[in-house]
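[1] no sequence on this one, just coordinates:
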């Protein structure tokens, strides 16, 4: 049997490992904003079965919650149901619960994303909120575990925003996935500087800026970032850290929400063909945050809870950046 | 046996059909700018074996061409080798060959893409040059034949440029693939109008503008464009032509070169896993134009020649738009 210390550092090499790894850690308390949908209850009950979650708080309409709890046959103490009616009230009550402390994960249930996000803003602990997606996909990097960002939150991808997104992704890679110094590729359509293609400038600036906790390389096309075969054919581009990152990136930073969302949705399509798995965590708020898509599979949802739980229960704390306000989520994750 | 008329209209339903369909049409004359690479000669010889190409013109260094021809064992009459040394001279000589007429397809060989494009610009016959990619991919739209654009040419995706790209893609869909009225999805991360996400505005404007030869819908997320299952779960978005296009798009218009290039490269990765096939044609110049990637498979290259040959030999002519200058290719297709 593994010791506790070994469990803490056991590397996660596949998305499915997240569920097992989270089950070995301290279980989390989850709150569902709008906790009246049977599917969401089945999900958190599954997470409880896996030892990832121990306590479930439900905020929402008391009658509808009672009917959903009854339908699913889940055990929720009366004191863990917080009554509130209407999206605004549910969002406000959820934030009250979070402020009271002791909650590890927020799950958006039957709730308007913009309203919940607006209400959450004062709880932001990082300058930029962004979605970090952990995935493995057979045709991408031979199924290695990778991260990508940002498929659903920040619309304005300035240099500083992208730098913040890298921080969020690097922290997940280091503290949850055990990657000591992740290799970050800032994606673009071209490795050369092209005036009319801003991503080429942003990529190079981010790579030149560098950082102590990661190797950053850019601008890098998707195949040169992920595929050693393409590097062998095309050679290393003349950009900083290419020898460290090209063909072996751990983190793919998309140069805009549209690009990231398309990549995310393709990985989702692959997952439905059994060719990929993925999990998402919204970074930037006081608690990790799951915006579950109605089109996501149960496997993706459970892995996302596991990812958030691992973040919440990580050994090291205090990695949050200075307080500030993130953009409201904009991408279609619904 | 099929009649000639039936052959002309037989629908192409898979990328591999392009090779067979092109072999049934009149064979094309191809010119290679920088025709001294054995791999390129093997490719055009394979196209000749398939009945897609009958004549091959090689522009470049006479000595190197002779050695490559010797190595591959291909039969090229001496008169079909046009001697030129250096990228500028090769590009100029290639354009001379094109101006003289009788050439159906241009293939970039051992040649600088920017120099060739710059020299080609006076031959532009459409206001915008763009790469149209025809693909099928098992996990995307259940492997239906689709088109995407623009993964490699136009960097500045204004409303007019996107409209021109749609024209280019629609013409390929109609005249090569036999799609009578293609369903065009202008992709974005969100279906709602978000001020900080310009693709949502562009998508809606293009959808509202409409066109007689296609159904245009936007802004549409990737899954709502391609996956009927997502439409069933999420419902039809409240945007023009959603009922015609959502879940069944034929053409995916990416809202920028970075997004398109990432999608293109993912499809390329899928193709190496036997999960996708693709072919590309650069539209906008006087002859269809193939910028072959060094990382592309032989299958992709051959299908691209077939696609270009079908375009060149299509029954209907005169679909070219007004003359003008396209952007020089910028995306990393190399």
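    Alright, I've got the coordinates. No experiment lies behind these values; they were computed from the predicted model shown.

[2] Could you look up the SS state of the residue most central in space within chain A?
    Computing the C-alpha centroid of chain A and ranking residues by C-alpha atoms, centre = their mean puts residue A:281 first, at 2.2 Å. Judged by DSSP: H, G, I helix; E, B strand; the rest coil, the three-state class of residue A:281 is strand.

[3] Look at it and report its pLDDT.
    Residue A:281 is assigned a pLDDT of 97 by the prediction.

[4] Run the chain-centre distance for the helix or strand hosting residue A:163.
    Using DSSP states H and E, the element containing residue A:163 is helix A:159-175. Taking C-alpha atoms, centre = their mean, to the nearest Å, one finds the center of helix A:159-175 at 11 Å from the center of the full chain.

[5] what's the answer for stretch A:42-56, then?
    The answer for stretch A:42-56 is 19 Å, by C-alpha atoms, centre = their mean.

[6] just stretch A:58-67 next, same as before
    Worked out by C-alpha atoms, centre = their mean, stretch A:58-67 lies 27 Å from the chain centre.

[7] Residues touching that stretch, excluding its own?
    A:31-36, A:41, A:69, A:76, A:80-85, A:90, A:93-94, A:97, A:109-110 (C-beta atoms under 8 Å, 6 or more residues apart in numbering or on different chains). Quick note: C-beta positions are derived from backbone N, CA and C, even for glycine.

[8] Okay, and which of these map to strands?
    Among these, the members falling in strands (DSSP state E) are A:31, A:32, A:33, A:81, A:82, A:83.

[9] Residue A:309 is in contact with the residue nearest to the centre of chain A, correct?
    No. Contact criterion C-beta atoms under 8 Å: residue A:281 and residue A:309 do not qualify, at 9.8 Å.

[10] hmm, back to that, which residues does the helix or strand just after the helix holding residue A:163 contact?
    For helix A:159-175, the following helix or strand on the C-terminal side (DSSP H and E) is strand A:183-187. Applying C-beta under 8 Å, 6+ apart, the contact partners of strand A:183-187 are A:162, A:166, A:169-170, A:199, A:202-203, A:206-207, A:214-222, A:225-226, A:241, A:244-246, A:248-255, A:259, B:258, B:262.

[11] repeat that for 6 Å
    Residues from elsewhere that reach strand A:183-187 (C-beta atoms under 6 Å, 6 or more residues apart in numbering or on different chains): A:166, A:203, A:206, A:214-218, A:220, A:222, A:225, A:244-245, A:248-255.

[12] Count the neighbours of residue A:70 for me.
    Neighbourhood size, residue A:70 [other C-beta atoms under 10 Å in any protein chain shown]: 10.

[13] which ones are touching it?
    Here residue A:70 is in contact with no residue (C-beta under 6 Å, 6+ apart).

[14] Next: residue A:157.
    Residues counted as contacts of residue A:157 (C-beta under 6 Å, 6+ apart) are residue A:256.

[15] Please identify the helix or strand for it.
    Assigned by DSSP H and E, residue A:157 belongs to no helix or strand.

[16] ok, residue A:147 to residue A:136 distance?
    From residue A:147 over to residue A:136 the distance is 11 Å, taken as C-beta to C-beta, to the nearest Å.

[17] cool, and residue A:208?
    Distance from residue A:208 to residue A:136, counting by C-beta to C-beta: 30 Å.

[18] got the residues of chain A near chain B?
    Counting by C-beta under 6 Å from any C-beta of the partner chain, the residues of chain A close to chain B are A:139-140, A:155-156, A:188-190, A:194, A:196-197, A:199, A:221-223, A:230, A:233-234, A:255, A:257-259, A:261-263, A:265-266, A:269-270, A:273, A:294-295, A:330-332.

[19] In terms of pLDDT, where does whichever residue of the stretch 51-200 of chain A sits closest to chain B sit?
    Nearest residue of the stretch 51-200 of chain A to chain B, counting by C-beta to the nearest C-beta: residue A:189, 3.7 Å away. Looking at residue A:189, its pLDDT reads 95.
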